[in-house]
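K.L.:
Structure for the following, please:
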Amino acid sequence: MASVFSRILAGELPGRFVWRDPEVVAFLTVNPLNPGHTLVVPRLEVDDWLDLDPALTAKLFAVAQAVGRGVARAFPCRKVGVIVAGLEVPHVHVHLVPISDLHDLDFDRQDRNPDPQALDAAAARLRAALTELGHPEAGA
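P.N.:
Down below sits the predicted model:
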C-alpha cells in the first residue's frame, strides 16, 4: 500500500509543494508545529532513513539544507530545527521547523486544524524565498 506521501507525489492527495526535482520534493506539512514547517521527502518510498542509498541520503540532506535556508529567510526564527523521526508515516521524511526554543519541536504542539489559507500563504512565502536564493526547483 502506498504511503500518504507517495499518494501526494502521485497527485492523489493535495500537497503544498515548495521544491520538486527528479529525486526529492518538499512540501508543507498539514499539521505544522510553526508556520513554515516543511517536509523534505525522497520520491522513492523507503521506510527508514538508514535504508536509503548513500547518494540519495546526500541528495535528501542537500535539499533539506537548501530548503532550510529558505525557511530561515521566510519565517522569523533563531534556527531551523531538523528532525528525522519516521514514526508517523512509513516513508522517509525530514522535518524542517522554524524554531526559537526547544519546545517548538514538541510534536504534541502540532496544529491539527490549521487555516488552509495560512498554509497556502506560508507555501507562497517559502517558494518566494527559495526563488530569491536562486533555486528554480521552488517554482516547479
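K.L.:
Would you map the helices across this structure?
P.N.:
Ranges of helices within the chain are 4-9, 54-74, 116-132, based on DSSP state H.
K.L.:
Show me which residues of the first one are buried.
P.N.:
Read it as helix 4-9. By neighbour count on 16 or more other CB atoms under 10 Å, the buried set for helix 4-9 is 5-6, 8-9. Where you see a C-beta, it was placed from the backbone N, CA and C, and this is true even at glycine.
K.L.:
if we can go back for a sec, of the helices of the chain, which is nearest Ile99?
P.N.:
helix 54-74 (10.0 Å; CB to CB).
K.L.:
got the CA coordinates for that closest one in CSV?
P.N.:
In CSV, the C-alpha atoms belonging to helix 54-74 read as follows (Å, rounded to 0.1, in the frame of the first residue of the first chain):
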residue,chain,number,x,y,z
PRO,A,54,24.1,6.9,0.5
ALA,A,55,23.8,9.0,-2.7
LEU,A,56,20.1,9.6,-2.1
THR,A,57,20.7,10.4,1.6
ALA,A,58,23.2,13.0,0.5
LYS,A,59,20.8,14.5,-2.0
LEU,A,60,17.9,14.5,0.6
PHE,A,61,20.0,16.4,3.1
ALA,A,62,21.4,18.8,0.5
VAL,A,63,17.8,19.7,-0.5
ALA,A,64,16.9,19.9,3.2
GLN,A,65,19.8,22.4,3.7
ALA,A,66,18.7,24.5,0.7
VAL,A,67,15.1,24.5,1.8
GLY,A,68,16.1,25.2,5.4
ARG,A,69,17.8,28.3,4.2
GLY,A,70,14.6,29.3,2.6
VAL,A,71,12.7,28.6,5.8
ALA,A,72,15.1,30.8,7.7
ARG,A,73,14.7,33.6,5.3
ALA,A,74,10.9,33.4,5.1
